[in-house]
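1. All I have is the shape, not the residue letters:
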């Protein structure tokens, strides 16, 4: 088996490990898979993500399609509740490559976290947790507040509160290697009307 084929097999196994929750991070998944298959050739995160997308499509089919549409609609509702904080849909729901275990990830930009929490409570969202997460990027350490919500459809939402000064910050995706653009309220509305299952995956 040549190098390309070995990478593909590792990517498939890593995707399986991630899908079934046997690994939670791409870094760990690819190394576990390579060890199991007895190879040192490691795929990129993008290769694993594409295999994970294929696996989810094969196992979940039409149910996955409907779930994506509903998750995007749910995201839009929450984003409208937090409209003044310039919300942006990111993650797998933005990309259009969800699995049955995916959550909805949303950025908001504000220094008034308590006000944002109050708006969510007034809209009767079930806040299940609030956590401060430390993140290191480009030798800079920052702390962000994450607000966790669970909806009546049993969707899990993670709202990441960011400084308003970061609203135009361009960040590289660790999985696909492109810039994380996400979707604003207006962009998400257009997608839901024209192509509700559109994928945002770089070539």
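-> Arrived safely. Keep in mind that what you see is a predicted model, and the values were worked out from it rather than measured.
2. and residue 16, how many residues sit next to it?
-> Neighbour count for residue 16, taken as other C-beta atoms under 10 Å: 16. Backbone N, C-alpha and C define where each C-beta goes, glycine included.
3. Residue 54 is in contact with that one, correct?
-> No: using C-beta atoms under 8 Å, residue 16 is not in contact with residue 54, being 10.9 Å away.
4. Apart from its neighbours in sequence, what residue is nearest the spatially most central residue of the chain?
-> Centre of the chain computed as the mean C-alpha position; nearest residue by C-alpha atoms, centre = their mean is residue 91, 2.2 Å away. For residue 91, ignoring the flanking residues on the chain, the nearest one in space by C-beta to C-beta, 6 or more residues apart in numbering is residue 105 at 3.3 Å.
5. Enumerate every residue touching that neighbour.
-> Residues near residue 105 by C-beta atoms under 8 Å, 6 or more residues apart in numbering: 89, 90, 91, 92, 93, 94, 157, 158, 160.
6. sorry, back to before: mind checking how far the residue nearest to the centre of the chain is from residue 2?
-> 34 Å (C-beta to C-beta, to the nearest Å).
7. Just name the shakiest helix or strand of the chain by mean pLDDT.
-> Sorting the helices and strands of the chain by mean pLDDT, DSSP states H and E puts strand 126-137 at the bottom, at a mean of 90.
8. Which SSE is immediately downstream of the longest helix seen in the chain?
-> As assigned by DSSP state H, the longest helix anywhere in the chain is helix 45-81. Sequence-wise, the next helix or strand downstream of helix 45-81 (DSSP states H and E) is strand 88-90.
9. from the middle of its chain, how far away would the longest helix of the chain be?
-> With C-alpha atoms, centre = their mean, to the nearest Å as the basis, helix 45-81 stands 9 Å off its chain's centre.
10. same thing with stretch 179-198?
-> Chain-centre distance of stretch 179-198: 14 Å, with C-alpha atoms, centre = their mean.
11. Surely residue 95 is in contact with residue 200?
-> Yes: with contact defined as C-beta under 8 Å, residue 95 reaches residue 200; the gap is 5.2 Å.
12. Of these two, which one has the most company?
-> Neighbour count, other C-beta under 10 Å: between residue 95 and residue 200, residue 95 has more, with 22 against 15.
13. Distance of the more buried one relative to residue 56?
-> Between residue 95 and residue 56 the computed distance is 12 Å (C-beta to C-beta).
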